[in-house]
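Novice: 3D model of this:
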Amino acid sequence: MRRNLQVLALIGSGHAVSHFYALTLPPLFPLLREQLDVSYAALGLLVTVFNLATGAAQIPAGFLVDRFGARRLLLLGLAIMGAAMAAIGFAPSYWLMLVLVAAVGIGNSVFHPADYAVLSASVDRTWLGRAFGLHTFAGFIGFMLAPGGMIALTALLGWRGAIVVAGLLAFVVLGAMLLCGHLLRDEARKADAGRRKAAAPTNARNLLLTAPVLLLFGFYLLNAMLTSGVQSFSVTALNGLHGIDLAFANVILTAFLIAASTGVLLGGLVADRTDRYAIVTVGAFGTIAGLMLALTLLPLPAAVILGVFVLVGLLQGSVRTSRDMLVRKITPAGATGRVFAFVMTGLNVGGAITPVLFGVLLDHGAPQLVFLLMAAFAVAVAGIVVLVQAAITAQNARQRQPEVPAE
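Specialist: Below you'll find the predicted structure:
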């Protein structure tokens, strides 16, 4: 147990820093707008470039993880990410900042494939659900610490000093990983090469184009659209559809985020007590769909809506670990990096689609369609999981069939 916790502390710290960097600059936008004499649109482009760079580099990072080892890529990603973030504090122009933000995104791209590969190889199987859940929760911690942390650092050191200190955080974690590197096992370097060769498809392209992997890409994409819709547009939609004032609508959103974080921890415990990840996930998203339909069709009071969002947050957070365990279940040994990188790119794609889609609906005065679409996404996710389970069952049946000897 002690070793499991040590591994989680190392990997979780890196994941927290990764998420911290995603929100390092946005809290400083009002100040940066004045200091750099640029528009908010230009500052928003910094965030867009970060996400595009992460999404574009994530699948290649997954292949590199499986080829050269997750631990090496994780250390390299931390170094690139921290150095580029610290350099932003010294950048003399907005355009150089834009280049450095892209470098931060490239460094950030290694975390999902590398983290899951290291956890799969380093943590006891009976702890793996909790490990995946705590890994996700560590990312939430990074999100939560970034806004207040950057404002406090800016008050002490100025905005440039604050960004430099933020960049140094990656090197603190890097140092800890170098000192305790013996704890981090590497799936790509272990001795079960024969099992990997037998289990994996003939090449990486075939692996990523198998039905379960493609379906799970769609799962992550639609789940990201649902999550992005709640986080970015629920406040406006609640105001337009149910007449809830903006202050209480933001309270509802905050309650959702806290519930989702709590759900992640609960989901890790559930995932270690059952391997029926498909049933857990379908049940959760079926319930979410029903709750979103209720928000669309019923004149619910504000207190009930608050309860609905808390329940949705708990359910959505709790299935994150079952979702990740389902990916691991269909992944051959030695391919964790590329498969997690591929399916999690769906998060970037879904996050890019949602703002435009939901923004158009709200511009046309149709807030009810926001919640209706969220319900549809939840139903589609549940349907995808049913198809994934059917594909896994069929694949297992084919593997169990004895070969017919040639006459």
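
Novice: Which element is encountered next along the chain beyond the host helix or strand of residue 214?
Specialist: Residue 214 is part of helix 211-242, with elements assigned from DSSP states H and E. Of the helices and strands lying after helix 211-242 in sequence (DSSP H and E), the nearest is helix 246-271.

Novice: tell me what the helix holding residue 214 is packed against?
Specialist: In terms of contacts (3 or more CB pairs under 8 Å, 6 or more residues apart in numbering; DSSP states H and E), helix 211-242 is packed against helix 246-271, helix 277-297, helix 302-329, helix 336-363, helix 367-400. In this view, the C-beta of every residue, glycine as well, is placed from N, C-alpha and C.

Novice: Could you tell me the angle between the first one and helix 277-297?
Specialist: Helix 246-271 and helix 277-297 meet at an angle of 160 degrees, taking axes from the mean of the first three to the mean of the last three CA atoms, to 10 degrees as the criterion.

Novice: angle of helix 246-271 against helix 302-329?
Specialist: Our comparison of helix 246-271 with helix 302-329, counting by the same axes, to 10 degrees, yields an angle of 40 degrees.

Novice: With just CA atoms, put stretch 13-29 into PDB.
Specialist: Once non-C-alpha atoms are left out, stretch 13-29 reads as follows in PDB (Å, rounded to 0.1, in the frame of the first residue of the first chain):
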ATOM      1  CA  SER A  13       1.700  15.800  -8.600                       C
ATOM      2  CA  GLY A  14       2.700  15.900 -12.200                       C
ATOM      3  CA  HIS A  15      -0.900  15.800 -13.300                       C
ATOM      4  CA  ALA A  16      -1.800  18.600 -10.900                       C
ATOM      5  CA  VAL A  17       0.900  20.800 -12.400                       C
ATOM      6  CA  SER A  18      -0.300  20.000 -15.900                       C
ATOM      7  CA  HIS A  19      -3.800  21.200 -15.100                       C
ATOM      8  CA  PHE A  20      -2.400  24.200 -13.100                       C
ATOM      9  CA  TYR A  21      -0.600  25.300 -16.300                       C
ATOM     10  CA  ALA A  22      -3.900  25.100 -18.300                       C
ATOM     11  CA  LEU A  23      -5.300  27.900 -16.000                       C
ATOM     12  CA  THR A  24      -2.100  29.800 -15.200                       C
ATOM     13  CA  LEU A  25      -2.600  32.600 -17.700                       C
ATOM     14  CA  PRO A  26      -6.500  33.200 -17.800                       C
ATOM     15  CA  PRO A  27      -6.700  34.700 -14.200                       C
ATOM     16  CA  LEU A  28      -4.100  37.300 -15.400                       C
ATOM     17  CA  PHE A  29      -5.900  38.300 -18.600                       C
END
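
Novice: from here on, count from 37
Specialist: Noted, 37 is the first residue going forward, which turns the last one into stretch 49-65.

Novice: got a pLDDT number for residue 422?
Specialist: In the predicted model, residue 422 carries a pLDDT score of 90.

Novice: Buried residues of the helix holding residue 250, list them for me.
Specialist: Of the residues in helix 247-278, those buried by neighbour count under the rule 16 or more other CB atoms under 10 Å are 248-266, 268-274, 276-278.
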